[in-house]
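[1] Generate coordinates for the sequence data below:
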Amino acid sequence: MATKVAEDMGVEIEFARTNWNYIISALIAEEFDVIISGLAILPSRNLKVNCDV
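    Numbering: from 1, shown residues only. The predicted structure follows:
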């Protein structure tokens, strides 16, 4: 799915591996731009990720 999204956007994709325990922290630290996985939206995660929106 990630490959298709990147293709449709016309951008080059680079997959990044990270420790699951730090995945939200890594996203906020801009170690990558998007999480494409089975990550469930929980109220606590939502508050962390959307704090600047």
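[2] who's in contact with Thr3?
    Taking CB atoms under 8 Å, 6 or more residues apart in numbering, we find Thr3 in contact with Ile13. Every residue, glycine included, has its C-beta placed from N, CA and C.
[3] State the distance from it to Val11.
    11 Å (CB to CB, to the nearest Å).
[4] and if you look at Val49?
    Val49 is 21 Å from Val11, by CB to CB.
[5] Excluding residues flanking it in the chain, which one is nearest the most centrally placed residue in the chain?
    With distances taken as CA atoms, centre = their mean, the chain has Ile35 as the residue nearest its mean C-alpha position (2.3 Å). Nearest residue to Ile35, sequence neighbours excluded (CB to CB, 6 or more residues apart in numbering): Leu27, at 5.9 Å.
[6] Also Ala16?
    Nearest non-adjacent residue to Ala16, counting by CB to CB, 6+ apart: Phe32, 4.5 Å away.
[7] How many residues are close by the one you found?
    Using other CB atoms under 10 Å, Phe32 has 15 neighbouring residues.
[8] Contact partners for it?
    Neighbour list for Phe32: Ala16, Thr18, Ala26 [criterion: CB under 8 Å, 6+ apart].
[9] can you pull the contacts of Ile36?
    Ile36 neighbours (CB under 8 Å, 6+ apart): Met1, Ala2, Val5.
[10] Can I get the least confident helix or strand in the chain by mean pLDDT as PDB, trimmed to CA atoms?
    Least confident helix or strand of the chain, by mean pLDDT, DSSP states H and E, is helix 43-49 with a mean of 76. Presented in PDB, the C-alpha positions along helix 43-49 are these (Å, rounded to 0.1, in the frame of the first residue of the first chain):
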ATOM      1  CA  PRO A  43      -7.000   8.700  22.600                       C
ATOM      2  CA  SER A  44      -3.500   8.900  24.200                       C
ATOM      3  CA  ARG A  45      -1.800   8.400  20.800                       C
ATOM      4  CA  ASN A  46      -4.200  10.900  19.100                       C
ATOM      5  CA  LEU A  47      -3.200  13.600  21.700                       C
ATOM      6  CA  LYS A  48       0.500  13.000  21.100                       C
ATOM      7  CA  VAL A  49       0.300  13.000  17.300                       C
END
